[in-house]
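can't give you the sequence, but here's the structure:
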Ligand code: PHE
Ligand code: FE
């Protein structure tokens, strides 16, 4: 684990990457992956965006055990030119953005303990690989992720990383997408979570609101519980179009004079898919 975010920890390269150390996983660790994998693949069909399921196939992720990043990268490289590289937990923003901008997805190499199947604080290899990597086989989503990395490099120079990170949170981590008349999951934080996979789609508590770039960049998020609001995109094409072809610099400027929006709020201009009861929050009251 990195003890500070200024220097790569001992054993890590200048770009913070480390060897995955696939040979060092124990049988118990591989079994943890298999348990998590079996639970999610049972739950997700009919709930997740079809591109995600297609990605699992392209990557042959149903093979038992924690995937070997070298093998995974070969398949991913052939599909969309992306790779998966191992890092020791969280990395500094500029390191993260640089990897994305070069079509490298950074993943933790450790796996959660058997008593942490449902909850852990730091992303492990199951969240990172199962949650994020399948959609990187989708050409449009793959381009979105690279564009995000480049956008991060610009945002860093403009002091706007917090704004941009909200976009990541409400799309890459916790996004929903329209699928015919219904909604589908695509955010990695949802699809890698047994409990949030049903909560995000089916629970009456959260609001589900149409995605709007400015709105999302003004909206706070919570990291300690299920989300109180999810944002729904029309399609990956539409998401890429709205982000890639918009210069964020004037947006960041304009947003400086605007207050943040608290979680669980519905604004007059929001496109409301479902108005949540917010009962989960009140219950915690
Ligand atoms: N267009 C954004 C900018 O001007 C960059 C970006 C693209 C951010 C795609 C996120 C996703 O900074
Ligand atoms: Fe993640």
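Yep, it's here. Here the structure is a predicted model, which means the values were calculated and not measured. Ligands and ions are numbered 1, 2, ... in the order given.

Helices of the stretch 151-285 of the chain, residue ranges please.
161-168, 188-191, 194-202, 213-218, 236-244, 248-255, 279-284 (DSSP state H, counting those that start in this stretch).

Let's have these in TSV, adding distance to ligand 1.
In this view, the C-beta of every residue, glycine as well, is placed from N, C-alpha and C. Converted to TSV, the helices of the stretch 151-285 of the chain look like this (distance: least, C-beta to the nearest ligand atom, whole Å):
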stretch	distance to ligand 1
helix 161-168	6
helix 188-191	16
helix 194-202	22
helix 213-218	9
helix 236-244	3
helix 248-255	4
helix 279-284	29
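
could the ones you listed be laid out in JSON lines, adding distance to residue 150?
Below are the helices of the stretch 151-285 of the chain laid out as JSON lines (distance: least, C-beta to C-beta, whole Å):
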{"stretch": "helix 161-168", "distance to residue 150": "11"}
{"stretch": "helix 188-191", "distance to residue 150": "20"}
{"stretch": "helix 194-202", "distance to residue 150": "28"}
{"stretch": "helix 213-218", "distance to residue 150": "16"}
{"stretch": "helix 236-244", "distance to residue 150": "9"}
{"stretch": "helix 248-255", "distance to residue 150": "11"}
{"stretch": "helix 279-284", "distance to residue 150": "36"}
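
got CSV for these, with mean pLDDT, mean neighbour count and distance to residue 99 too?
Converted to CSV, the helices of the stretch 151-285 of the chain look like this (pLDDT from 0 to 100; neighbours: other C-beta atoms under 10 Å; distance: least, C-beta to C-beta, whole Å):
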stretch, mean pLDDT, mean neighbour count, distance to residue 99
helix 161-168, 97, 18, 14
helix 188-191, 98, 24, 16
helix 194-202, 97, 17, 26
helix 213-218, 97, 18, 22
helix 236-244, 97, 17, 19
helix 248-255, 96, 14, 20
helix 279-284, 75, 12, 35
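
Of those, which is nearest residue 267?
Residue 267 sits nearest to helix 213-218 of all those, at 7.1 Å, using C-beta to C-beta.

Against residue 234, how distant is whatever residue of the stretch 1-150 of the chain ends up closest to ligand 1?
At 3.4 Å from ligand 1, residue 147 is the closest residue in the stretch 1-150 of the chain, using C-beta to the nearest ligand atom. As judged by C-beta to C-beta, to the nearest Å, residue 147 and residue 234 stand 17 Å apart.

avg pLDDT for stretch 109-124?
Averaging pLDDT along stretch 109-124 gives 91.

and this protein, which of its residues are near ligand 1?
Contact residues, the chain versus ligand 1 (C-beta under 6 Å from any ligand atom): 144, 147, 148, 151, 154, 167, 243, 244, 246, 247, 248.

Now do the fourth one: how many residues are near it, please.
The reference is to residue 151. Using other C-beta atoms under 10 Å, the number of residues around residue 151 comes to 22.

swap in residue 107?
Using other C-beta under 10 Å, the number of residues around residue 107 comes to 23.

Start the count at 203 instead of 1 going forward.
All set: I'll call the first residue 203, so the last point we hit is now residue 309.

show me what contacts the nearest residue to it once chain neighbours are set aside?
Excluding the flanking residues, the one nearest residue 309 by C-beta to C-beta, 6 or more residues apart in numbering is residue 330, at 3.7 Å. Applying C-beta atoms under 8 Å, 6 or more residues apart in numbering, one finds that residue 330 lies in contact with 307, 308, 309, 310, 390.

Residue 330 should be in a strand, yeah?
No - Residue 330: not assigned to a strand; according to DSSP: H, G, I helix; E, B strand; the rest coil it is helix.

Which of the residues of the chain next to ligand 1 sits closest to residue 423?
residue 369 (10.7 Å).

In helices only, show me the contacts of residue 330.
When DSSP state H is applied, the contacts of residue 330 are split such that residue 390 fall in helices.

can you tell me which of the contacts of residue 330 lies nearest to residue 217?
Of those, the one sitting nearest to residue 217 (C-beta to C-beta) turns out to be residue 308, at 9.2 Å.

thought the closest one was touching residue 298?
Yes - using C-beta atoms under 8 Å, residue 308 makes contact with residue 298 at a distance of 6.4 Å.

Looking at these two, which has the bigger crowd around it?
The residue with more neighbours, out of residue 308 and residue 298, is residue 308; 23 against 20, by other C-beta under 10 Å.

Any idea what that one is bridged to?
Legend: beta-bridge partners of residue 308 under DSSP bridges are residue 287.

Looking at it now. What's its pLDDT?
At residue 308, pLDDT is 98.
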